[in-house]
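Chemist: sequence and predicted structure below; questions after.
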Amino acid sequence: MAIGTTGRQPSTKQRAGARAEHKQRTRTAIRQAAMKLFAAQGYAKTTVEQIAEEAQVSHTTFFRYFGSKELVVISDDLHDEVIEAFESIEPGLSHFDLVRRMVSTMYTTAANDPWASDPARMALIRSEPALHTRYSLEADQSISDAAQMISDYTGVGVDDLRLKTFIWAVAGVLFHISEDTADPMEPGTLDTLMAAIDLLEAGLPLR
């Protein structure tokens, strides 16, 4: 330790934590600046340069955090947290109980995150064709990732028609529930999702 200093040097863990906090603050500042500009002048008319200036970061910094204007809105930073939760699911669940756990995990994680659950964010995604298209592509990738996890968990090949049909049925129902809900994060949506999975497991009874 240098002469004239007191205390211990920050540990590697502390430095990593400080960097993570700085990164999150910067991402949040960029998102807040973007949403402010989108509300004031519209999504299409807002440029990356304007967002960077409003957030008080450089053009280079913007692209270090987000690959495009679309990703400022689409990305939610929850992937690692969700995957960690998925990996902790105990073995032995049925494929329907596994899906219930996965859906409830994704919903709860998003609902507890201020950005992912922001109604203005979802309203913007739904109203802007470019964002809606990109969001759909991201959703398709999430479905593919979920299919691979279910395949690994159950031991049924990812290309097996039985698994593919199961994934298509569940994904289609859940997608339409989300699309038909004004705010997918509103109270009661998770109950509706769970009820739909119950109906699928019961063989889609009408009475």
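Modeler: Noted; the coordinates are in hand.
Chemist: use CA for all of it now, contacts and neighbours both
Modeler: OK.
Chemist: can you list the neighbours in contact with stretch 176-188?
Modeler: 107, 110, 111, 117, 119, 122, 189, 192, 193 (C-alpha atoms under 8 Å, 6 or more residues apart in numbering).
Chemist: residue contacts, the residue nearest the centre of the chain?
Modeler: Centroid-nearest residue in the chain, with C-alpha atoms, centre = their mean: residue 76, separated by 4.6 Å. The neighbours of residue 76, taking C-alpha under 8 Å, 6+ apart as the test, are 115, 116.
Chemist: helix or strand: which one has it?
Modeler: Residue 76 is part of no helix or strand when elements are defined by DSSP states H and E.
Chemist: going forward, count from 412.
Modeler: Okay, residue one is now 412; in that scheme the one you just asked about reads as residue 487.
Chemist: for it, give its distance to residue 524.
Modeler: 9 Å (C-alpha to C-alpha, to the nearest Å).
Chemist: could you do residue 564 as well?
Modeler: 27 Å.
Chemist: quick one: which of those two has more around it?
Modeler: residue 564 (18 against 13; other C-alpha atoms under 10 Å).
Chemist: please identify the helix or strand for that one.
Modeler: helix 540-565.
Chemist: ok now that helix, how far from the chain's centre?
Modeler: Chain-centre distance of helix 540-565: 11 Å, with C-alpha atoms, centre = their mean, to the nearest Å.
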